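Chemist: model this:
(chains A and B)
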Amino acid sequence: MDKNQVAQALEEVATLLQLKKDASPFEVRAYENAARTISALDDDIERLVKEGRLKGIPGLGPTITRRIEELVTTGRLSFLEELRAATPSIKLELLRIQGLGPRRINAIVDQLHIASLEDLERACKEDRVAALPGFGKKTQEKILQGLAFLAEHGHRYLYPVAEAEGLRMRDALASLPEIVRVQVAGSLRRRRETVKDIDIVASVADNADSATRQRVMNFFTGQPGVRQIISKGETRSSIILASGIQMDLRLVTDRQFPYALHHFTGAKEHHIPLRRRALSMNMTINEYGLFRGKEPDLELVPCKDEVEFYAALGLAYIEPELREDMGEIEAAERGELPTLVEERDLRGVLHVHSTWSDGKNTIRELAEACCERGLSYLGITDHSQSVGYANGLSVENLQRQWEEIDRLNAEFAGRLVILKGTECDILKDGSLDYPDEVLARFDFVIASIHSHFTLSPQEQTERMLRAIANPYVTIIGHPTGRLLLERPGYTLDIEAVIEAAARHGVFIEINASPQRLDLDWRYVRKARDRGILIPIDPDAHSIAGLADMHYGVGIARKGWLAAADVLNTRPLEELVALLQRRKASR
DNA sequence: GCCGTTTTCGGCCCGACTGTTTTCAGTCG
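Modeler: You can find the predicted model right below:
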């Protein structure tokens, strides 16, 4: 049993607990905290349990420690099983409906004997929900809307969709004379791989009146493409856009802006320890300020931006991408946060498809586009021979492609170097899709899985480990094969993959395609800690696809990567040396 | 359920908006 399974069980306990009628919100939080604590552990959970070292970890008291020990040693958690047995599954389903929390869910299910979403819809239409104490017509109508929304948009959005909407609204608001500062906040600013809603924070002058705020809110809710107004006040309004995504605007005075921006950037998990820290320093944090002292003698600690905000708490500035309660506060305290990689640090690209396989542009067109982007090398990696659907290259066609690359390199000399690469399939048994004598002739080899997704976790891991051990493999492509919001990755032991890659000197890519963003940022940091250099690869199938590097950089930053941790920030000579060192070591 | 250099009991991050109320509960972020 690994720590993620333990964390998942604790999270499930928290979810089920809050649906109990006499639930204590603090008990719920205790399990949520414990789940986070466990997933942040560096040590092996089974060893910690065996050696009795769970005790003393902050956040794990006697009860939860006992429960974890039971789970790890027996593989079962009786407390969780009791909770599951006592909680109708419909209550869990209803949690996904906006506006329905534990209290209302209990009232609905227990008093109206609702067993399905269809039951609930019928109860609403028959006015039985509105008749419940504490409910009314409007609540019932909201529930109906929530049901419809869940049916249509019960999912999250890919980062680029949300980013485009967020920037469009930010720019529209910035054009208003009433607005002093405006910025996108929330999970979008933290560059999460998917986004549920968009938060925007804007400021008006410190002396702005109510009418000014109303004008801004009218503008916001009156934008083209607003499908529905969920709520509208003078400091907060929520809308649903035509794309189905929800957008919230928070309006504050300009003096409050840095605090509000920080507050609405989150993550909630980052705020909780930060506020605890503030309290220990005789300060309190809310969205309107950082205050010293206690009520009623609160004194604002002036901050003109977030840098000063963190400084007031004795911390180095924490970039939004890092605000996930993954150790960033401790690192900021010690002054050990990395300087995160930026797009302009990238010197070249290594994972690009051309018309030789399933790409839309010729190598020449791609090379020109790279020059325009100021890049100095381009790795062409068309698919290998067995990938029929993607027009994979036979050995014969490879030879012709290499001749073309040689000609183009002569033509582009001094501007760009084109490297001969391949995205070579990892076959079912872990062998590669070209013979060794062919692999030996590439400048570099990306090895990827594109078939047999349903092998057992053990088989899939062994398959991947065998590929990593192949001396001609330079980079592992999209290591889990996930497609965000579509399908999970193939099940394999990613920690074992990282371990093997570190041992063999193989790089693991961040596939920058916004549908993939694979390696996941949570593992990027682990790979970095094991000394693995990470290429940020666009997996471009066209010139436009080169721009996806932007999303890969976001994930690299979330994974704490500095420029030095990224393979393709290296100048050409250094990159070639690194690729050859790998060759020489076999 | 966890925690403690004011506390082993009584706190636990904090505020906006909505709707059903007539002073507040529920939900959300």
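Chemist: nearest spatial neighbour of the residue in the stretch 301-450 of chain A that DNA strand B sits nearest to, chain-adjacent residues omitted?
Modeler: Of all residues in the stretch 301-450 of chain A, residue A:325 sits closest to DNA strand B, at 12.2 Å by Cβ to the nearest atom of the strand. Just so you know, the C-beta spots here come from the backbone N, C-alpha and C atoms, and that holds for glycine as well. Ranked by Cβ to Cβ, 6 or more residues apart in numbering and with sequence neighbours excluded, the top spatial neighbour of residue A:325 is residue A:269, at 3.8 Å.
Chemist: distance of residue A:170 from residue A:176?
Modeler: 11 Å (Cβ to Cβ, to the nearest Å).
Chemist: quick one, domains of chain A?
Modeler: What automatic domain parsing lists as the domains of chain A is A:3-86, A:89-153, A:157-258, A:266-334, A:343-584.
Chemist: most tightly surrounded among the ones you listed?
Modeler: Across the domains of chain A, averaging neighbours per residue (mean count of other Cβ atoms under 10 Å) puts domain A:343-584 on top, at a mean of 20.
Chemist: quick one: average pLDDT of it?
Modeler: Averaging pLDDT along domain A:343-584 gives 93.
Chemist: for stretch A:165-184, same thing?
Modeler: On average, stretch A:165-184 scores 96.
Chemist: separation between residue A:515 and residue A:311?
Modeler: From residue A:515 to residue A:311 the distance is 39 Å (Cβ to Cβ).
Chemist: with residue A:300 instead?
Modeler: Using Cβ to Cβ, one gets 15 Å for the distance from residue A:300 to residue A:311.
Chemist: I'd say residue A:431 and residue A:463 touch.
Modeler: No. Contact criterion Cβ atoms under 8 Å: residue A:431 and residue A:463 do not qualify, at 9.1 Å.
Chemist: distance across stretch A:244-259, terminal residue to terminal residue?
Modeler: 29 Å (Cα to Cα, to the nearest Å).
Chemist: off-centre distance for that stretch?
Modeler: Distance of stretch A:244-259 from the chain centroid (Cα atoms, centre = their mean, to the nearest Å) equals 22 Å.
Chemist: same question for stretch A:150-159.
Modeler: The chain centre lies 16 Å from the centre of stretch A:150-159; the measure is Cα atoms, centre = their mean.
Chemist: how much space separates residue A:35 from DNA strand B?
Modeler: Using Cβ to the nearest atom of the strand, to the nearest Å, residue A:35 is found at 12 Å from DNA strand B.
Chemist: distance-wise, check that residue relative to residue A:330.
Modeler: Noted for residue A:35: a distance of 19 Å to residue A:330, by Cβ to Cβ.
Chemist: quick check: closest non-adjacent residue to the residue in the stretch 151-300 of chain A that DNA strand B sits nearest to.
Modeler: Using Cβ to the nearest atom of the strand, the single residue of the stretch 151-300 of chain A nearest to DNA strand B is residue A:233, 2.3 Å away. Leaving aside its chain neighbours, residue A:233 sits nearest to residue A:217 (7.4 Å; criterion: Cβ to Cβ, 6+ apart).
Chemist: that neighbour contacts residue A:239, correct?
Modeler: No. With contact defined as Cβ under 8 Å, residue A:217 does not reach residue A:239; the gap is 10.2 Å.
Chemist: got the residues of the stretch 251-400 of chain A near DNA strand B?
Modeler: The stretch 251-400 of chain A comes close to DNA strand B at residues A:264, A:266, A:268, A:271-272, A:275-276, A:279, A:284-288, as judged by Cβ under 7 Å from any atom of the strand.
Chemist: cutoff 10 Å now
Modeler: A:251-252, A:260, A:263-269, A:271-280, A:282-289, A:291, A:294-295, A:298 (Cβ under 10 Å from any atom of the strand).
Chemist: what about these, which are in helices?
Modeler: A:260, A:263-265, A:268-269, A:271-280 (DSSP state H).
Chemist: name the nearest of those relative to residue A:243.
Modeler: Distance to residue A:243 across these (Cβ to Cβ) is lowest for residue A:264, with 20.8 Å.
Chemist: next, count neighbours for that closest one.
Modeler: 21 (other Cβ atoms under 10 Å).
Chemist: quick revisit: wait, the residue of the stretch 151-300 of chain A closest to DNA strand B sits on residue A:216?
Modeler: No. Checked against Cβ under 8 Å, the pair residue A:233 and residue A:216 is beyond contact range at 11.5 Å.
Chemist: for the stretch 1-150 of chain A, which segments count as helices?
Modeler: Under the criterion DSSP state H, counting those that start in this stretch, helices of the stretch 1-150 of chain A are mapped to A:3-18, A:25-39, A:45-50, A:62-74, A:78-86, A:89-94, A:102-112, A:117-125, A:137-153.
Chemist: tell me the contacts of the closest residue to residue A:41 other than its chain neighbours?
Modeler: Of all residues not flanking residue A:41 in the chain, residue A:3 sits nearest, at 5.4 Å (Cβ to Cβ, 6+ apart). Neighbouring residues of residue A:3 by Cβ atoms under 8 Å, 6 or more residues apart in numbering: A:38-39, A:41, A:44-45.
Chemist: farthest-separated two in those?
Modeler: Greatest spacing in the contacts of residue A:3, by Cβ to Cβ: A:39 and A:44 (13.3 Å).
Chemist: coming back round to it: tell me how far the residue of the stretch 151-300 of chain A closest to DNA strand B lies from residue A:257.
Modeler: According to Cβ to Cβ, residue A:233 stands 18 Å off from residue A:257.
Chemist: pretty sure residue A:371 sits against residue A:418.
Modeler: No. Using Cβ under 8 Å, residue A:371 is not in contact with residue A:418; the gap is 11.0 Å.
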